[in-house]
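[1] Sharing a model that was predicted from the sequence below.
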Amino acid sequence: MGDQKLRRELMNLSGMKELIRKSLEARKFAYCPYSKFRVGAALLTHDGTVFTGCNVENACFNLGICAERTAISKAVSEGCRDFKAIAIASDMCEHFISPCGGCRQFMREFGANWDVYLSKPDGSYVEMTVEELLPASFGPEDLKMKKVNIRNEF
């Protein structure tokens, strides 16, 4: 029984390292002529499929899209909405990459209890959950809560 648990933990560790490797690889495709800040993401679904993404900037700055949202949008566009983990990579050597507020909310749309690996180029990482990145968050279930009736005059 102990050997099976150890094997499973080693498989999870190698799978997580592979997910980080794929996020580092995706970073190479970043289109970031303005910020020069490359970011890659690798999203793991519960069925084992991995979707990658990179940041894509635009001359109209607010139209750019982050790597995390690219990967999630690719997954959703192919029918996947149940995620197990996402790994995020950048070129920062001294700090672990952290998703922006918009990406945190975008991830939260698909649940609060899945893993987020914040990595460095050397493959080191910090593991968090979406809930830890965005505590006391607003999600789809909040839209189903009882509300006060208001009269809409428009």
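    Perfect, thanks for sending it.
[2] just checking, residue 127 touches residue 119?
    No: contact criterion Cβ atoms under 8 Å: residue 127 and residue 119 do not qualify, at 9.9 Å. Glycine gets a C-beta too; all of them are placed from N, C-alpha and C.
[3] More neighbours: these two, which one.
    Higher neighbour count among residue 127 and residue 119: residue 119, with 26 against 13, using other Cβ atoms under 10 Å.
[4] so who does that one touch?
    Taking Cβ atoms under 8 Å, 6 or more residues apart in numbering, we find residue 119 in contact with 20, 23-24, 87-89, 96-97, 125-126.
[5] Without its sequence neighbours, what residue ends up closest to it?
    residue 125 (4.3 Å; Cβ to Cβ, 6 or more residues apart in numbering).
[6] Residues contacting stretch 17-28, please?
    Contacts for stretch 17-28 (Cβ under 8 Å, 6+ apart): 38-42, 44, 50, 52-54, 67, 71, 85-91, 117, 119, 121, 123, 125.
[7] ok so, going back, now the contacts of residue 119: which count as buried?
    Buried members of the contacts of residue 119, counted by 16 or more other Cβ atoms under 10 Å: 20, 23-24, 87-89, 96-97, 125.
[8] Filter these down to just the ones in helices.
    20, 23-24 (DSSP state H).
[9] still on that earlier bit, buried only: go through the contacts of stretch 17-28 for me.
    Buried members of these, scored by 16+ other Cβ under 10 Å, are 38-42, 44, 50, 52-54, 67, 71, 85-90, 117, 119, 125.
[10] Out of those residues, list just those in helices.
    Reading helices off the buried ones among the contacts of stretch 17-28 with DSSP H, I get 67, 71.
[11] For stretch 52-69, list every residue counted as buried.
    For stretch 52-69, the neighbour count (16+ other Cβ under 10 Å) marks 52-57, 64-69 as buried.
[12] ugh, wrong one, I meant stretch 129-149
    Quick answer for stretch 129-149 (16+ other Cβ under 10 Å): 130, 133-134.
[13] still on that earlier bit, turn the ones in helices among the buried ones among the contacts of residue 119 into a markdown table, including pLDDT and distance to residue 110.
    Below are these laid out as a markdown table (pLDDT from 0 to 100; distance: Cβ to Cβ, whole Å):
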| residue | pLDDT | distance to residue 110 |
| --- | --- | --- |
| 20 | 96 | 20 |
| 23 | 97 | 17 |
| 24 | 97 | 23 |
